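Trainee: Got a sequence here, can you build the structure:
(one chain, ligands or ions: 1)
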Amino acid sequence: MARVLSCIQPTGDVHLGNYLGALRNWVAGQHENDAFHGIVDLHALTVIDQPGVVGKSTIELAAMLFAVGLDPDIATIFVQSHVTEHSQLGWIMECQVSFGELGRMTQFKDKSAKREADFLSAGLFTYPALMAADILLYDTDEVPVGEDQRQHLEITRDIAMRFNHRFGETFVIPKAVMPKAGARVMDLQDPTSKMSKTGDTDAGLISMLDDPAAIVKKFKRAVTDGDSEVRFDRATKPGVSNLLEILAACTGETPEALAAKYTQYGPLKADTGEAVVELLRPIQARYHELMADRAELQSLLRKGAQKARVVAAVTLARAQTHLGLVPA
Ligand code: TYM
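Mentor: The predicted structure follows:
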């Protein structure tokens, strides 16, 4: 059975890109693999400067993970800061990656450009080292992620191979797994940028908690393309192709087959909106039930952290031994 790990940051609402690109595949994967999923609150600290914000988002995200169908009795669902091995191995990883490699990360370049006038934390720069620790701590074989995380996976592999070469076989070399449909959900107002919590407009983002009327309206107003032909072509028709991909991810059909069914944008927008409303309806209901019992959520997270620590502690100790640190 393959060991599978993937994580998500508690920064604002979970959106449709997270769901179609990641969470949905985690749910399917938990029955086939030994699955670990982290709510990576330490990563969220890279862009936070107020107390309490991360904690609130962490609980909300936990409720969402259980609402989409992750089962705490099957998969290991934990909060990153509850498993202190992440910070410990994170530092070791920082010492195995170069300044130049980190500077080439597209996500860092994008995020730092967007925060140009703001405080730019060193953590935002060294983030991929902590992400490498998240993955390597669990002897992970596969990491299901959206397309946007591919570069981070590559640097994780590079770091792991470098460590193994320098200090002896220590880490399993993980590989990225991308979903067939939904790997790259784009902003509805700017279909050349990925849908993201840090996007410019709320109109371009479908939150998992948006009400049905808001979802239908956002799809109705989605930016399409100059001509009026419905065709699947990401390069020349990014807006329409994004709608077709979202509809495909909801229905299980291919975007090409769906394109053949439409001659106008209006009905495509309406059907995609409806399909997303129906996809999210049961998830939203379950989310609200779960949020009504915080104590239960916290207890589930404590159990998850205990299970995670059992694995993480062994790997950290192995890395420390291979480095030749003096045992405590
Ligand atoms: P995060 O929190 O931004 O996103 C969580 C997951 O959602 C996917 N995703 C998308 N997929 C398709 N279309 C989109 N528009 C879209 N936006 C986000 C992401 O690919 C991801 O799978 N650095 C990571 C968190 C992380 C992590 C890890 C992931 C930390 N440690 C270890 C895997 C393994 C991040 O910021 O994801």
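
Trainee: who in the stretch 151-300 of the chain is up against the ligand?
Mentor: 152, 183-185, 194-196 (CB under 6 Å from any ligand atom). In this view, the C-beta of every residue, glycine as well, is placed from N, C-alpha and C.

Trainee: how does it look with 5 Å?
Mentor: Counting by CB under 5 Å from any ligand atom, the stretch 151-300 of the chain comes close to the ligand at 184-185, 194-195.

Trainee: Need the buried ones from the residues you listed selected in PyMOL.
Mentor: Here is the PyMOL command that picks out the buried ones among these, judged by 16 or more other CB atoms under 10 Å:
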select buried, resi 184+185+194+195
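
Trainee: Just the residues of the stretch 151-300 of the chain next to the ligand: which are in strands?
Mentor: Judged by DSSP state E, strands contain none of these.

Trainee: can you redo the residues of the stretch 151-300 of the chain next to the ligand as CSV with pLDDT?
Mentor: Below are those laid out as CSV (pLDDT from 0 to 100):
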residue, pLDDT
Arg184, 91
Val185, 95
Lys194, 92
Met195, 94
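
Trainee: Now, the residues of the stretch 151-300 of the chain next to the ligand that are in helices?
Mentor: Judged by DSSP state H, helices contain none of these.

Trainee: any idea how far stretch 213-230 is from the chain center?
Mentor: 25 Å (CA atoms, centre = their mean, to the nearest Å).

Trainee: Check which residues of that stretch are buried.
Mentor: Result for stretch 213-230 [16+ other CB under 10 Å]: buried residues 214-216, 218-219, 222-225, 230.

Trainee: got those residues as a markdown table, with distance to Thr254, pLDDT and secondary structure columns?
Mentor: As requested, those are exported to a markdown table (distance: CB to CB, whole Å; pLDDT from 0 to 100; DSSP: H, G, I helix; E, B strand; the rest coil):
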| residue | distance to Thr254 | pLDDT | secondary structure |
| --- | --- | --- | --- |
| Ala214 | 28 | 98 | helix |
| Ile215 | 23 | 98 | helix |
| Val216 | 24 | 98 | helix |
| Lys218 | 24 | 98 | helix |
| Phe219 | 20 | 98 | helix |
| Ala222 | 20 | 97 | coil |
| Val223 | 23 | 96 | coil |
| Thr224 | 20 | 94 | coil |
| Asp225 | 20 | 87 | coil |
| Val230 | 14 | 95 | coil |
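
Trainee: Could you single out the nearest of those to Val83?
Mentor: Ile215 (35.4 Å; CB to CB).

Trainee: Pull the contacting residues for that closest one.
Mentor: Contacts for Ile215 (CB atoms under 8 Å, 6 or more residues apart in numbering) come out as 206, 273, 276-277, 280.

Trainee: returning to what we had before: from the buried residues of stretch 213-230, which is closest to Lys261?
Mentor: Among the buried residues of stretch 213-230, and counting by CB to CB, the member closest to Lys261 is Val230, at 8.4 Å.

Trainee: Where does the residue nearest to that closest one when sequence neighbours are not counted sit: helix, strand or coil?
Mentor: With sequence-adjacent residues excluded and distances taken as CB to CB, 6 or more residues apart in numbering, Val230 is closest to Tyr262, at 4.2 Å. Secondary structure for Tyr262, judged by DSSP: H, G, I helix; E, B strand; the rest coil, is coil.

Trainee: burial of Tyr262, as a residue count?
Mentor: 19 (other CB atoms under 10 Å).

Trainee: which phi and psi does it have?
Mentor: Note on Tyr262: its backbone torsions stand at phi -120, psi 140 [degrees, to the nearest 10].

Trainee: any idea how far it lies from Gly100?
Mentor: For Tyr262, the distance to Gly100 equals 47 Å [CB to CB, to the nearest Å].

Trainee: Can you tell me which of the contacts of Ile215 has the most neighbours?
Mentor: Going by other CB under 10 Å, Ile206 tops the contacts of Ile215 with 28 neighbours.

Trainee: And that residue, what's its pLDDT?
Mentor: Note on Ile206: pLDDT of 98.

Trainee: Do I have it right that it meets His15?
Mentor: Yes: using CB atoms under 8 Å, Ile206 is in contact with His15, at 6.0 Å.

Trainee: shared neighbours of these two, anything?
Mentor: Joint contacts of Ile206 and His15 (CB under 8 Å, 6+ apart) are Met195.

Trainee: which intervals of the stretch 151-300 of the chain have sub-threshold pLDDT?
Mentor: Applying pLDDT under 70 to the stretch 151-300 of the chain picks out residues 199-200.

Trainee: quick one: the helices in it?
Mentor: 212-220, 238-251, 255-259, 265-291, 294-323 (DSSP state H, counting those that start in this stretch).
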